[in-house]
Every structure is written in C-alpha cells, then in structure tokens.
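sequence and predicted model, in that order:
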Amino acid sequence: MALATFDEISSPMSRWQLLSHLLRGDIHPDEKSVWLKPAYRLKFLARSLLHPVLTLNWLHYIASHPQRAQMLDAQMALPDKLQRPYLSSRFSARNALAALCYHYDAVACANPRLRRLMLTPGGVPIVNFQGKSGAAYALLLGSHSSLDKEGEITLQLCTEGMPLARMTMTVVQFEGQRALFIGGLQGPTRHLQQQKARISQVTRDCHGLFPKRLVLEAACVLGELLGIECMIAVGNHTHVYQNWRYWRKKKTSFHADYESFWLSVGGQLRPDGVCQLPLRIARKSLDDVASKKRAEYQRANGVLAEIHHQLHALK
C-alpha cells in the first residue's frame with residue numbers, strides 16, 4: 001500500500017472525512033503504523049461506539065485544527081486517545097477530551113518555534129551543556145508516541161544518545177488555571193537500570209544534580225514560556241497505569257515512587273491524589289550550604305542558569 005502523505009490530507013475536512021480516512025488506513029506516518037492494521041481500525045470503530053458523541057467531537061476538533069497534520073504525525077494514536085485511560089488513572093473520557101483540546105489550543109497559540117518543537121516526533125535538542133568531566137548532555141523537547149498515555153509533550157535528558165530521565169506532560173485547565181500536568185517521570189531505560197553506577201556518575205558529573213531534577217527545572221521554564229499558572233503531577237495512585245484496565249498488566253512492572261520525588265522538591269500531596277508543585281524549585285541560600293560544599297553548589301547553580309538561559313531563547 002502506498003503511503004498517504006499528510007500534505008494530501010491537509011486540506012479542510014469534516015469529522016466524517018477524517019473518520020473515513022482513518023478507517024481506510026489512509027493516515028499513517030510510516031509503514032509500521034498501527035493504522036495499517038485492519039484489526040486495529042475495527043477495534044477503533046467498535047470502541048468509538050462506547051463514546052460516540054465524545055469521539056465525534058474529538059474528531060471534529062482534530063479535523064479543524066490548523067496543525068492537524070503535525071499532530072497526527074507526532075502522536076500516531078491521537079484519534080483514539082479517548083478510548084484508553086489518559087494522563088491520570090481517575091480521568092474519564094470527558095476529562096481526557098477537555099485536557100486534549102485545551103492542550104492543543106495552547107500549542108496553536110504558542111510561538112512558531114516552540115509550537116514546532118512540541119510537535120516534533122521524538123524530540124530535538126533545545127539545551128546543550130557539559131558536565132565537569134567534559135561529557136556532553138542534551139535536553140530534548142518533542143512528542144513521544146510511546147508515552148502517549150502520560151501526556152503530549154516530553155522533555156528528556158540524554159547523554160551519548162541514551163535517555164537518563166524523561167518527563168511527559170500536557171497543558172490543561174486545572175481549577176480555573178492554566179496548568180502543566182505531569183503524567184509521567186521515567187528514569188533510565190531498562191538497559192541503563194542495570195548500570196546504576198552510571199547514573200550516580202552522571203549525578204556527580206552534573207555537580208550533584210539528579211537527572212530528574214534537571215528535567216523538572218526545564219519543565220518549570222517551559223511552563224513559564226507557555227504562561228502556566230500552576231504545576232500538577234500524578235501521585236503514586238493516580239498515575240495512568242494505576243487504572244484498573246492496566247492493573248494486571250502493570251502490577252509487576254510499575255514501581256515508581258513519584259510522591260517522594262515531588263515532596264523532595266517542595267511539592268504537596270493533595271487529597272485528590274495529585275501533587276501540586278512550585279512553579280520554581282527553591283534553592284538554598286549559599287549561607288545554608290556547608291563551606292566545603294559551596295564551590296560545588298555554585299557550579300550546580302551555574303548549570304541550572306545555563307539551562308534557563310538556553311530555554312528562554314525559545315521565546
């Protein structure tokens with residue numbers, strides 16, 4: 001079957017035309033796309049009947065969005081996101097629809113450079129810096145379809161092409177405020193988990209800054225660029241994989257302790273199971289740091305300042 005390019009379906013279309021394209025397998029970014037599988041398309045149609053109105057509203061939103069082609073390229077399963085748990089174990093399909101529409105409205109209103117980055121499959125480097133050993137590190141921003149249940153955009157810290165930490169999030173409206181909702185925080189891949197000494201080495205190389213702390217710092221600046229008014233993150237019991245649909249599949253593989261990390265950076269656990277994070281991570285006064293550690297602490301702050309400087313260049 002010949003690939004249908006996104007340019008070919010970039011002209012205005014209705015929700016019904018988009019549905020027809022999807023069910024025929026016309027819209028797919030590559031030859032490995034799930035939309036090329038007839039069984040997947042039939043499953044999508046059957047599941048759509050569970051939420052027909054919400055599904056049609058979602059397809060109408062996608063079909064009429066000015067970045068429709070880029071959205072479908074970045075998130076392969078975008079049309080069927082209402083058919084699976086999304087962002088939080090407690091989100092309904094209606095909650096998911098509201099979150100997705102709000103996010104892509106925010107994407108459409110972002111400056112062209114930032115918008116392009118957020119819709120880039122896999123991500124591209126937006127920050128580059130060196131550790132004290134001279135090792136090169138990069139922060140990448142983009143969209144990862146493999147993490148699509150946890151959010152729409154992903155920040156990841158890499159060295160030598162290997163991910164050290166990945167944070168996935170969505171811009172939502174939360175209690176009347178524009179919020180950055182963090183749906184996932186991944187550590188190293190399984191391959192790197194067998195090399196915990198490597199992660200400790202990276203932390204030392206970054207002057208005591210953990211990889212997860214670095215991606216959170218970058219997320220705070222990204223939130224500032226997007227006009228975020230509050231930051232929210234899933235807790236141990238509200239991560240999307242705590243939903244009953246994934247309980248059997250993930251119960252032996254999901255061991256992340258999100259709450260400990262959020263609390264360590266000044267977050268507060270709310271009664272609804274999510275954590276509210278500060279917009280900026282507090283830093284110690286130099287006077288509160290032991291004298292023998294002050295030089296290292298200042299170098300760590302220098303790394304953070306460089307990250308902030310390069311991210312603000314995205315304005």
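Received it, and whenever you're ready, just let me know what you need. Numbering: from 1, shown residues only.

Gln173: what secondary structure?
Following DSSP: H, G, I helix; E, B strand; the rest coil, Gln173 is assigned to strand.

what of Arg198?
helix.

state the distance from it to Pro211.
According to CB to CB, to the nearest Å, Arg198 stands 11 Å off from Pro211. For the C-beta atoms, the positions are set from N, CA and C on the backbone; glycine is no exception.

more neighbours, those two?
Pro211 (22 against 15; other CB atoms under 10 Å).

okay, and the common contacts of Arg198 and Pro211?
Counting by CB atoms under 8 Å, 6 or more residues apart in numbering, the common neighbours of Arg198 and Pro211 are Pro188.

got the residue ranges for the strands in this structure?
Ranges of strands in the chain, per DSSP state E, are 124-130, 136-142, 153-159, 162-174, 177-186, 230-234, 268-269, 274-277.

now the ones you listed in JSON lines, with distance to Arg90 and mean pLDDT?
JSON lines is the format used below for the strands of the chain (distance: least, CB to CB, whole Å; pLDDT from 0 to 100):
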{"stretch": "strand 124-130", "distance to Arg90": "32", "mean pLDDT": "97"}
{"stretch": "strand 136-142", "distance to Arg90": "27", "mean pLDDT": "98"}
{"stretch": "strand 153-159", "distance to Arg90": "21", "mean pLDDT": "97"}
{"stretch": "strand 162-174", "distance to Arg90": "13", "mean pLDDT": "96"}
{"stretch": "strand 177-186", "distance to Arg90": "12", "mean pLDDT": "97"}
{"stretch": "strand 230-234", "distance to Arg90": "10", "mean pLDDT": "98"}
{"stretch": "strand 268-269", "distance to Arg90": "15", "mean pLDDT": "96"}
{"stretch": "strand 274-277", "distance to Arg90": "9", "mean pLDDT": "98"}
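
for Ala108, which of those is the nearest?
Of all these, strand 162-174 sits nearest to Ala108, with 11.1 Å by CB to CB.

parallel or antiparallel, which strands does the closest one pair with?
Strand 162-174 sits in its sheet next to strand 153-159 (antiparallel), strand 177-186 (antiparallel), going by DSSP bridges.

okay, buried residues for it please.
Pro163, Leu164, Ala165, Arg166, Met167, Thr168, Met169, Thr170, Val171, Val172, Gln173, Phe174 (16 or more other CB atoms under 10 Å).

do the same with stretch 175-192
Neighbour-count burial for stretch 175-192, counted by 16+ other CB under 10 Å, picks out Arg178, Ala179, Leu180, Phe181, Ile182, Gly183, Gly184, Leu185, Gln186, Gly187, Pro188.

can you redo those as JSON lines with distance to Ser64?
Output for the buried residues of stretch 175-192, formatted as JSON lines (distance: CB to CB, whole Å):
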{"residue": "Arg178", "distance to Ser64": "22"}
{"residue": "Ala179", "distance to Ser64": "25"}
{"residue": "Leu180", "distance to Ser64": "25"}
{"residue": "Phe181", "distance to Ser64": "24"}
{"residue": "Ile182", "distance to Ser64": "28"}
{"residue": "Gly183", "distance to Ser64": "25"}
{"residue": "Gly184", "distance to Ser64": "29"}
{"residue": "Leu185", "distance to Ser64": "33"}
{"residue": "Gln186", "distance to Ser64": "33"}
{"residue": "Gly187", "distance to Ser64": "38"}
{"residue": "Pro188", "distance to Ser64": "40"}
